[in-house]
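Enquirer: When you get a sec, could you give me coordinates for this:
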Amino acid sequence: MTTHDLKLFIRRLSPVILIPCGIPFSGKSTLSQKLSIDYEIKVVSFDSTWQELEEHNKDLDWDSVSKHCELVIKEEISGNRSIVYDTYNSTNAGRNYFAELAKSLNCNYLFVYLHISEAVARKRMNMVKQNMDRHLITEQKFNQEVEIFEAPSVNLNHIILDNL
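Expert: From the prediction side, this is the model:
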């Protein structure tokens, strides 16, 4: 599937929850921002939400940030607006949760699997280290995320975008 096909999907099935998934540095945040600009779709970013909430509460945990993101998603969908949820989405269990959330909200969902090699992702990570132009994860965290990442299962609505 191409990015053009993705755009057609968004137009036809709005509101939709789009959830990019892939290993670190696969292009999830880049795609999220592009979709936001091209279609005026709100991006709900886990990382950005954590940073915003942390300004008022230094004792945040993963669950509280996730719940806050979920509230924003529900609000947007209830207003008949599509969203992009930019988060790790490493496992099928986590993706199943969002598929069920979309169903409970009577909206469509699509996982966008950004399929790139570990070598390309590692090269991107090293470029970011040099430029320091975005949030950086440690080498250990990168390796951990690559290790646990699962490609989307066939029972989930998904498309594959190769080598963006």
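
Enquirer: Below-threshold pLDDT in the protein: ranges please.
Expert: Counting by pLDDT under 70, the chain has low-confidence residues at 1-3, 132-136, 163-164.

Enquirer: which helices and strands sit right next to the longest helix along the chain?
Expert: The longest helix of the chain (DSSP state H) is helix 62-78. Applying 3 or more Cβ pairs under 8 Å, 6 or more residues apart in numbering; DSSP states H and E, one finds that helix 62-78 contacts strand 42-45, helix 46-54, strand 83-86, helix 92-104. Using the backbone N, CA and C atoms, a C-beta is placed for each residue, glycine as well.

Enquirer: repeat that with 6 Å
Expert: strand 42-45, helix 46-54 (3 or more Cβ pairs under 6 Å, 6 or more residues apart in numbering; DSSP states H and E).

Enquirer: Assign the closest residue to residue 112 other than its chain neighbours to helix, strand or coil.
Expert: Once flanking residues are discounted, residue 112 sits nearest to residue 20: 4.7 Å by Cβ to Cβ, 6 or more residues apart in numbering. Put simply, residue 20 is strand when judged by DSSP: H, G, I helix; E, B strand; the rest coil.

Enquirer: The one 5 residues further on too?
Expert: Reduced to three states with three-state DSSP, the structure at residue 25 is coil.

Enquirer: That one touches residue 126, doesn't it?
Expert: No: taking contacts as Cβ atoms under 6 Å, residue 25 lies outside contact range of residue 126: 9.3 Å.

Enquirer: rewinding a little: deepest of the helices and strands packed on helix 62-78, which one?
Expert: strand 42-45 (a mean of 19; mean count of other Cβ atoms under 10 Å).

Enquirer: which strand is the longest one in the protein?
Expert: Counting residues, the longest strand in the chain under DSSP state E turns out to be strand 108-115.

Enquirer: between that one and helix 62-78, how many degrees?
Expert: Between strand 108-115 and helix 62-78, the angle comes out at 130 degrees (axes from the mean of the first three to the mean of the last three Cα atoms, to 10 degrees).

Enquirer: Just the angle for strand 108-115 relative to helix 92-104, thanks.
Expert: 150 degrees.

Enquirer: before we move on, the earlier item: show me which of residue 25 and residue 126 is the more surrounded one.
Expert: Set side by side, residue 25 and residue 126 show more neighbours around residue 25, with 26 against 12, by other Cβ atoms under 10 Å.

Enquirer: dump the residue contacts of that one.
Expert: Contact partners of residue 25, counting by Cβ atoms under 6 Å, 6 or more residues apart in numbering, are 121, 124-125.

Enquirer: Make a ChimeraX selection of the buried ones in those.
Expert: The ChimeraX selection below is limited to those of the contacts of residue 25 classed as buried (16 or more other Cβ atoms under 10 Å):
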select :121,124,125
